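Chemist: need a 3D model of the following:
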Amino acid sequence: MQKVQKPARYTGGEYNQIVKDIKDVDVRVALCFPDTYEIGMSNLGVRIIYGILNGMDGVWCERVFAPWVDMEEQMRSGDIALYGLESGDPICGFDIVAFSIGYELSYTNVLNMLDLAGIPLRSKDRPDNAPLVIAGGTCCFNPEPLFCFIDMFVIGEGEEVVTEIVERFRLSRGAGMSRHGFLRSAAEIDGVYVPSLYDVKYNDDGTISGIRPDEGVVMPVKKRVVKDFESSYFPVDTIVPSTEIVHDRVVLELFRGCIRGCRFCQAGHVNAPVRFRRCETLIRQGIEAISASGYDEIALSSLSSSDYKQLNELCDGLLSWCEPRNVSLSLPSLRADNFSVELMERIQKVRKSGLTFAPEAGTQRLRDVINKNVTEEDLLETCRVAFEGGWNGVKLYFMLGLPTETDEDVIAIADLSRAVLHIWKKYAKNKNRGVRITVSTSCFVPKAFTPLQWEAQISIEEYLRRVELLRSSLRTKAITYNWHSPEQGHIEAALARGDRRVGDAVEAAWRFGARLDSWSEHFSMERWLKAFKQSGLEPSYYACREREKGEILPWSLVNAGTARNAELWGNDE
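Modeler: Numbers count the residues shown, from 1 in each chain. Here you go, the predicted model:
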């Protein structure tokens, strides 16, 4: 009887994986993604860091992913420690265990992976010979909820700083430096935050009264930015998974950052400034990556791909090579205000993919509040172009609970969705195929380093009331309505704006059985409420409390380094 679903998740041996002779290796790195193989192998950042570290002489970087519950059961019952896919060796014997963390609900997976590896959960409990535990990724712009578990955080982009950390690690080990001595030394690297070197004090009301670094330690820690993005590493020899993954294709990163500045979008703010790759570079990278992998699709990816200035030239250059080989292009991130017939004709040459747009709000007033510069006319004109061009489906994403949202704004989502349906009825090229309009809503989650970071999240009960208001307002079977779990959104917000004390709740939740919380079938609100209560905390204190502009925020010890983030330091955007 098969005891584990999808065993290919755990076997390694994929085409283009990197295996080194252990005799030539003096630093071993476990690159850990705290979610399943299918999610982690779809992450471009993981592939980039994997390639950079393995490009260093004497360094062997291996991949590690969170096991599904069936595999975890087998590992614990069989006393199998968490291991690297390339060698099968337990990662507790590696030098560095590095996590890439992009979603708050994966925090308990970090703890679970450390425990499966046999590594003490808390930094203070690790002996000098234990692996160095580091973390990077978007979530690390507020590192505080994980401060007691992570030895060192990378703030910002990791391409350059990871090599500097490895070299500093080599030097300190050669000098016989203690663990604390190395951490103190590594804190001198730009973009490195060592939480044990900072002390945080609290007021009686739970707010932060002060953050004090040790003598000689930098505060705030300024994020790292790859200035020469054009020449930065891109993994053309990408690993080809042995089993299906979420994004089973070559991904080209057109540019980093975003020109739009939506006030709710953390990624758009923390990845600033905007840096583009040249069209010729992207064409070469795409062709080389397809040739090295055998994939039949290239995704042109960035936060807003259709804002790439040379998009038409890029599509033409790639398609001249891809079309004869039946390789398709897809644009996962489109704007409703710059979608054109010309662009549509290019991306449907090989095969037609779905269209997804994110108006975010139902009225222009609320879109103006969040700086989402898309009008109703933009969206309807885009849908007309698409339906006339043969598309019969569109997905529309909105948020509920945005600051200043009223019931009229919620009902307007239904009005806008029905207007899209009307456009299909009027302009569709082939009405016999029917129409697929999907409306999805999630709950607004305030995030660090956005202009809305001080705003309150609405309660779970209020979110569900607005969901019902929208559902009852749609009144047509031609539109499918899906909504994201408000319980997951509530805990996400509590972790996103959490302080150091929240680490106790994360550990308590894990000890109560929390893991794989981003998967709805494994998430338990009861478990999280119990964990927060045991820790003497309320998740609503972090999620639903509006912050005062003068309040010291947990992430005040980080400087995201852009004009858009100036509000954190007391200035208007």
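
Chemist: what ranges does the stretch 201-350 of the chain have for its strands?
Modeler: Along the stretch 201-350 of the chain, counting by DSSP state E, counting those that start in this stretch, strands occupy 208-213, 221-222, 250-253, 255-256, 275-276, 297-301, 328-330.

Chemist: please list the residues outside the second one that contact it.
Modeler: Okay, so that is strand 221-222. 155, 156, 190, 191, 192, 193, 557, 558, 559, 561 (C-beta atoms under 8 Å, 6 or more residues apart in numbering). C-beta coordinates here come from the backbone N, C-alpha and C atoms, glycine included.

Chemist: ok, now with 10 Å
Modeler: Strand 221-222 is contacted from outside by 143, 153-156, 187, 189-194, 198, 213, 557-561, using C-beta atoms under 10 Å, 6 or more residues apart in numbering.

Chemist: among those residues, which ones are in strands?
Modeler: 153, 154, 192, 193, 198, 213, 558, 559 (DSSP state E).

Chemist: does the fourth one touch residue 211 like I think?
Modeler: The reference is to residue 193. No. The criterion here is C-beta atoms under 10 Å, and residue 193 misses it with residue 211 at 11.6 Å.

Chemist: on that earlier part again, now the buried members of the contacts of strand 221-222.
Modeler: 143, 153-156, 187, 189, 191-194, 198, 213, 557-561 (16 or more other C-beta atoms under 10 Å).

Chemist: who does the closest residue to residue 479 other than its chain neighbours form a beta bridge with?
Modeler: Counting by C-beta to C-beta, 6 or more residues apart in numbering, residue 437 is the residue found nearest to residue 479 once chain neighbours are left out, at 4.7 Å. Here residue 437 sits in beta bridges with residue 394, residue 479, going by DSSP bridges.

Chemist: now tell me which helix or strand of the protein has the poorest mean pLDDT.
Modeler: Taking mean pLDDT, DSSP states H and E as the measure, the chain has helix 341-347 as its least confident helix or strand, at a mean of 67.

Chemist: please name the strands paired to whichever helix or strand comes after it in the sheet, noting orientation.
Modeler: Beyond helix 341-347 in the direction of the C-terminus, DSSP states H and E gives the next helix or strand as strand 356-360. Strand pairing for strand 356-360, determined by DSSP bridges: strand 393-400 (parallel).

Chemist: tabulate the ones in strands among the contacts of strand 221-222 (CSV), appending pLDDT and distance to residue 33.
Modeler: What follows is the ones in strands among the contacts of strand 221-222, written out as CSV (pLDDT from 0 to 100; distance: C-beta to C-beta, whole Å):
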residue, pLDDT, distance to residue 33
153, 98, 16
154, 98, 15
192, 98, 21
193, 98, 21
198, 98, 27
213, 97, 30
558, 96, 22
559, 95, 27
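
Chemist: from those, which two are the most distant?
Modeler: 154 and 213 (17.6 Å; C-beta to C-beta).

Chemist: I'd like the ones in strands among the contacts of strand 221-222 as TSV, with distance to residue 12 appended.
Modeler: Formatted as TSV, the ones in strands among the contacts of strand 221-222 follow (distance: C-beta to C-beta, whole Å):
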residue	distance to residue 12
153	28
154	25
192	30
193	32
198	38
213	41
558	35
559	39
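
Chemist: surely residue 169 forms part of a helix?
Modeler: Yes. Assessed with DSSP: H, G, I helix; E, B strand; the rest coil, residue 169 lies in a helix.

Chemist: residues contacting it?
Modeler: If you count contacts by C-beta under 10 Å, 6+ apart, residue 169 has them with 27, 29, 59, 95, 96, 132, 134, 177, 182, 185, 186.

Chemist: then residue 218?
Modeler: Each residue near residue 218 by C-beta under 10 Å, 6+ apart is listed here: 187, 188, 189, 190, 192, 193, 197, 557, 559.

Chemist: one more: residue 291?
Modeler: 236, 237, 250, 321, 325 are the contacts of residue 291 under C-beta under 10 Å, 6+ apart.

Chemist: same deal with residue 466?
Modeler: Under the criterion of C-beta under 10 Å, 6+ apart, the neighbours of residue 466 are 400-401, 405-407, 409-411, 413, 441, 443, 458, 483, 486.

Chemist: show me where the chain dips below the pLDDT cut-off.
Modeler: 1, 333-334, 336-354, 562-573 (pLDDT under 70).

Chemist: in space, not sequence, find me the middle residue of it.
Modeler: Nearest to the mean C-alpha position of the chain, by C-alpha atoms, centre = their mean, lies residue 102 at 3.4 Å.

Chemist: could you break the chain into its assigned domains?
Modeler: If you go by automatic domain parsing, the domain ranges for the chain are 7-222, 249-353.

Chemist: the first one: end-to-end distance?
Modeler: Looking back up the chat, that one is domain 7-222. Counting by C-alpha to C-alpha, to the nearest Å, you get 42 Å between the two ends of domain 7-222.

Chemist: now do stretch 131-151
Modeler: 10 Å.

Chemist: now do it: distance to the chain's middle.
Modeler: Here stretch 131-151 is found 14 Å from its chain centre; the criterion is C-alpha atoms, centre = their mean, to the nearest Å.

Chemist: buried ones in it, by neighbour count?
Modeler: Quick answer for stretch 131-151 (16+ other C-beta under 10 Å): 131-151.

Chemist: which members of those occur in strands, if any?
Modeler: Short answer: these in strands (DSSP E) are 132, 133, 134, 135, 136.

Chemist: just name the closest of those to residue 112, please.
Modeler: Set against residue 112, the nearest of these by C-beta to C-beta is residue 133 (13.7 Å).

Chemist: in the sheet, who's paired with the closest one?
Modeler: The partner residues for residue 133, given DSSP bridges, come to residue 97.

Chemist: now do the contacts for it.
Modeler: Contacts for residue 133 (C-beta under 10 Å, 6+ apart) come out as 30, 32, 96-99, 110, 114, 117, 119-121, 123, 126, 146, 149-152.

Chemist: between residue 193 and residue 211, which contacts overlap?
Modeler: Common contact partners of residue 193 and residue 211 (C-beta under 10 Å, 6+ apart): 144, 219, 220, 557.

Chemist: now the helix or strand in which residue 108 is found: how far from the chain's centre is it?
Modeler: Here residue 108, judged by DSSP H and E, is contained in helix 107-117. On the basis of C-alpha atoms, centre = their mean, helix 107-117 sits 18 Å off its chain's mean C-alpha point.

Chemist: packing partners for that helix?
Modeler: When contacts are defined as 3 or more C-beta pairs under 10 Å, 6 or more residues apart in numbering; DSSP states H and E, helix 107-117 packs onto strand 27-33, strand 59-65, helix 69-77, strand 96-100, strand 132-136, helix 486-496, helix 502-511, helix 525-534.

Chemist: on that earlier part again, which of the contacts of residue 466 count as buried?
Modeler: Judged by 16+ other C-beta under 10 Å, buried ones among the contacts of residue 466: 400, 401, 405, 409, 410, 411, 413, 441, 443, 458, 483, 486.

Chemist: now, these that are in strands?
Modeler: Among the buried ones among the contacts of residue 466, the residues falling in strands (DSSP E) are 400, 441, 443, 483.

Chemist: picking up where we left off before, so which of the contacts of residue 169 is the most crowded?
Modeler: For the contacts of residue 169, neighbours were counted by other C-beta atoms under 10 Å; the highest total belongs to residue 29, with 29 neighbours.

Chemist: contacting residues for that residue?
Modeler: Taking C-beta under 10 Å, 6+ apart, we find residue 29 in contact with 49-50, 53-54, 56, 59-62, 84, 91, 94-98, 131-132, 134, 162, 165-166, 169.

Chemist: repeat the analysis, applying 7 Å as the threshold.
Modeler: Residues in contact with residue 29 (C-beta atoms under 7 Å, 6 or more residues apart in numbering) are 53, 59, 61, 94, 95, 96, 98.

Chemist: identify the residue spatially nearest to the fourth one, adjacent ones excluded.
Modeler: This means residue 94. Nearest one to residue 94, counting by C-beta to C-beta, 6+ apart, is residue 28 at 4.2 Å.

Chemist: thinking again about what came up before, can you redo the ones in strands among the buried residues of stretch 131-151 as TSV with distance to residue 419?
Modeler: Below are these laid out as TSV (distance: C-beta to C-beta, whole Å):
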residue	distance to residue 419
132	55
133	51
134	49
135	44
136	43
